[in-house]
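Colleague: output the structure for:
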Amino acid sequence: QVQLVESGGGLVQAGGSLRLSCAASGRTLSNLAMAWFRQAPGEEREFVAGISRSGGTSYYGGSMEGRFTISRDNAKNTVNLQMNSLKPEDTAVYFCSATMQSHDGSSYHGHYDYWGQGTQVTVSS
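Modeller: Next up is the predicted model:
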């Protein structure tokens, strides 16, 4: 079993930055492809960013490309999401997720076996 705990959410003004962290336990992080998703009220869960087990491959949802950066530290069992140039439409609950099903992961939420409880990000205009 894998436990994921997100932190780092909060309130920020448009144009600002936040850094989210996900602490993993229960499995060696290098065995897990990781991803961040987000969900705004009344909306479907949306892919934000993913990273392969080794960290050699990362990929992003369309509106996040160039503003967000996903990274991982397998030695510390953490995955981070650096979010810059935040916009009000980035407001959502952000979820960390993990899968053992593939090396690179996927942008499809159904590919992920484990989920954190989420952390709220609110961007004011």
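
Colleague: tell me which residue lies nearest the centroid of this protein.
Modeller: Centrality entry for the chain: nearest residue to the mean C-alpha point is residue 36, 2.2 Å, by C-alpha atoms, centre = their mean.

Colleague: any figure for the gap between that residue and residue 69?
Modeller: Per C-beta to C-beta, to the nearest Å, residue 36 is found 11 Å from residue 69. (Each C-beta comes from the backbone N, C-alpha and C, glycine too.)

Colleague: same check, this time on residue 51
Modeller: Distance of residue 51 to residue 69, given as C-beta to C-beta: 10 Å.

Colleague: more neighbours: which of these two?
Modeller: Higher neighbour count among residue 51 and residue 69: residue 51, with 25 against 16, using other C-beta atoms under 10 Å.

Colleague: next, the contact list for the spatially closest residue to the residue nearest to the centre of the chain that is not a sequence neighbour, please.
Modeller: Closest residue to residue 36 apart from its sequence neighbours, by C-beta to C-beta, 6 or more residues apart in numbering: residue 48 at 4.1 Å. Neighbour list for residue 48: 35-38, 60-61, 64, 68, 81, 94 [criterion: C-beta atoms under 8 Å, 6 or more residues apart in numbering].

Colleague: ok, residue 60 next?
Modeller: 48-50, 68, 70.

Colleague: now for those residues, which pair is the farthest apart?
Modeller: Farthest-apart pair in those is 50 and 68; separation 11.2 Å (C-beta to C-beta).

Colleague: neighbour count for these two, which is higher?
Modeller: In this view residue 50 and residue 68 are compared by other C-beta under 10 Å, and residue 50 has more residues nearby, 26 against 21.

Colleague: where's that one, which helix or strand?
Modeller: Taking DSSP states H and E as the criterion, residue 50 maps to strand 46-51.

Colleague: partners of the helix or strand that comes right after that strand in the sheet?
Modeller: Moving toward the C-terminus from strand 46-51, the next helix or strand (DSSP H and E) is strand 58-60. Strand pairing for strand 58-60, determined by DSSP bridges: strand 46-51 (antiparallel).
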